[in-house]
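Novice: With the input below, show me the fold.
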Amino acid sequence: MRKCLRCGAEMQEGCTVKVEGAGYGVVLSTQENKLFSGRIGKPKVAVCPECGEVSIYLEDVSKLNH
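Specialist: Modelled structure (predicted):
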């Protein structure tokens with residue numbers, strides 16, 4: 001369960017980011033200038049039903065360089 005950083009309410013998790021007008025999704029990468037390497041996953045979105053705050057997060061952070 002994610003809590004809203006703004007108001008403390010329980011957020012609705014598991015939403016996604018969609019690019020309007022295109023069939024492309026969003027992928028997070030650790031390497032800005034490389035197209036396919038460094039991918040760490042597709043972001044998930046949580047939305048606060050109380051204040052509308054949006055939080056973008058990764059479910060699996062194991063691919064991050066520590």
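
Novice: so which strand or helix has Ser55?
Specialist: Assigned by DSSP states H and E, Ser55 belongs to strand 54-57.

Novice: Which neighbouring elements make contact with that strand?
Specialist: strand 44-47 (3 or more C-beta pairs under 8 Å, 6 or more residues apart in numbering; DSSP states H and E). C-beta here means a position set from N, CA and C on the backbone, and glycine is covered the same way.

Novice: Using PDB, list the CA coordinates for the strand it packs on.
Specialist: Only the C-alpha atoms of strand 44-47 are listed here, as PDB (Å, rounded to 0.1, in the frame of the first residue of the first chain):
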ATOM      1  CA  LYS A  44       3.800   2.000 -12.600                       C
ATOM      2  CA  VAL A  45       1.500   4.800 -11.400                       C
ATOM      3  CA  ALA A  46      -0.300   5.400  -8.100                       C
ATOM      4  CA  VAL A  47      -3.000   8.100  -7.900                       C
END
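
Novice: Remind me what the lowest-mean-pLDDT helix or strand in the chain packs against, helices and strands.
Specialist: In the chain, the helix or strand scored least confidently by mean pLDDT, DSSP states H and E is strand 28-29, which has a mean of 74. On a contact count with 3+ C-beta pairs under 8 Å, 6+ apart, strand 28-29 meets strand 39-41.

Novice: How about residues contacting the strand it packs on?
Specialist: The contact list for strand 39-41, computed with C-beta atoms under 8 Å, 6 or more residues apart in numbering, reads Val27, Leu28, Ser29, Thr30, Leu58, Glu59, Asp60, Val61, Lys63, Leu64.
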